[in-house]
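*Asks:* Sequence and predicted model, in that order:
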Amino acid sequence: MSLVIALVGAAVNWQLDPNFHMIEVIASALLAVALLIGVLFVANLVAAPVRLERDAVELRAALERDLREEVNDQRVVTERTQEKLGGEIASLRKQLDEQAAQKAEQACAAEEARRKQLIAALHQQWVLSNDGITPEEMAGFLSDRIKGWVNIKLAERGEQWQV
């Protein structure tokens, strides 16, 4: 504002006094402007480190906040993934256990059927090779004498079990 007043005053003086040098006034005004710019520049230089430090602190706080949020988001994703995988693993284990139990039952049933078939075949062989067979023995009942003979034949075949 004072610069404007000085320029107006110079213009008035120039019109009143023809010898008045307007160039000197303009040079003075430019010098005043230059000084003002210099003062503002120095003030800015003095304030710059404070602003830079404040901006750095704000930036660091924002980065830390963003990092905490990202870490928390990753933690949530990890927990959900672990829960999902844990449930899937438990389900797969249950299926495997059920399949193993089913295969064991099938193996036991197959072994039982094999043994019954072998006993039936040995019984029939005994019936065909012996005389004096009782009606019970003919019907499939295993008497003590049949059991002894069948156990001998099982051992000859390498079987580890007896009737």
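*Replies:* Sure, I can see it.

*Asks:* Skipping its backbone neighbours, what lies nearest L142 in space?
*Replies:* Once flanking residues are discounted, L142 sits nearest to V163: 6.2 Å by CB to CB, 6 or more residues apart in numbering. C-betas here are computed from N, CA, C, even on glycine.

*Asks:* Could you give the number of residues near that neighbour?
*Replies:* V163 has 14 neighbouring residues, counting by other CB atoms under 10 Å.

*Asks:* if I read this right, it contacts S143, doesn't it?
*Replies:* No. Counting by CB atoms under 8 Å, V163 does not reach S143; the two are 11.1 Å apart.

*Asks:* Just give me the longest helix of the chain.
*Replies:* Ranked by residue count and defined by DSSP state H, the top helix of the chain is helix 22-129.

*Asks:* So the residue nearest the centre of the chain versus A56, what's the distance?
*Replies:* For the chain, the residue sitting closest to the mean C-alpha position, by CA atoms, centre = their mean, is T78 at 4.1 Å. For T78, the distance to A56 under the criterion CB to CB, to the nearest Å works out to 32 Å.

*Asks:* Stretch 127-147 spans what distance, first to last residue?
*Replies:* Using CA to CA, to the nearest Å, one end of stretch 127-147 lies 12 Å from the other.

*Asks:* rewinding a little: by contact count, what packs against the longest helix of the chain?
*Replies:* helix 2-16, helix 144-156 (3 or more CB pairs under 8 Å, 6 or more residues apart in numbering; DSSP states H and E).

*Asks:* Recalculate using a threshold of 10 Å.
*Replies:* Here helix 22-129 touches helix 2-16, helix 135-139, helix 144-156, going by 3 or more CB pairs under 10 Å, 6 or more residues apart in numbering; DSSP states H and E.

*Asks:* Need the contact partners of the last one.
*Replies:* The contact list for helix 144-156, computed with CB atoms under 10 Å, 6 or more residues apart in numbering, reads 115, 118-119, 121-123, 125-127, 129-130, 132-134, 136-137, 140, 142-143, 159-163.
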